[in-house]
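K.L.:
I would like the atomic coordinates for the input below:
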Amino acid sequence: MGYQRADVEHVLPYLFDAEAAYGIKSEVYVEDGMPKGYSDPSHGNSIFAALSDVRRAWRDTPLTLVERQAVLMRHVLDVELKVIAAFQSVEPSTAMRRHERGVGKLTAWLNGETYVDGYDSLPELAAA
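P.N.:
The predicted model follows:
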């Protein structure tokens, strides 16, 4: 199973919350009083595993300081990009690129892939 960018962004707000496992709403949550169907543990919710994986990726992925700042401020602190840009003394578009690159690197690391930043970074195809 590979991680999608949306999966990573879904758990990033809980990255440094020690009690996050108790507050994340399961996508398959059934409210009290509602009928429940057959439960298959093999198809259970993997949100807690994703949180654990993203925490490890945050620790082990080689992000630059400005990428870490942008991702942390955007997802964990819920700060707007223009505030991140002012903090880093850059244009909002630069802050957005740093944020996008940071989340992309985390996602690529989780999938065991090398992060590719744009089409210019794609490896050349070998001639057949």
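K.L.:
Contact partners for Lys105?
P.N.:
Thr61, Pro62, Leu63, Glu67, Tyr115 (CB atoms under 8 Å, 6 or more residues apart in numbering). For the C-beta atoms, the positions are set from N, CA and C on the backbone; glycine is no exception.
K.L.:
pLDDT and secondary structure for those residues - can I get that in TSV?
P.N.:
Converted to TSV, the contacts of Lys105 look like this (pLDDT from 0 to 100; DSSP: H, G, I helix; E, B strand; the rest coil):
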residue	pLDDT	secondary structure
Thr61	95	coil
Pro62	94	coil
Leu63	95	coil
Glu67	97	helix
Tyr115	90	coil
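K.L.:
closest to Tyr14 among the residues you listed?
P.N.:
Thr61 (17.2 Å; CB to CB).
K.L.:
residues contacting that closest one?
P.N.:
Contacts of Thr61 (CB under 8 Å, 6+ apart): Lys105, Leu106, Trp109.
K.L.:
ok so, going back, quick one: buried ones out of the contacts of Lys105?
P.N.:
Thr61, Leu63, Glu67, Tyr115 (16 or more other CB atoms under 10 Å).
K.L.:
Return the member of these nearest to Thr94.
P.N.:
Checking these against Thr94 with CB to CB, the nearest one is Glu67 at 11.3 Å.
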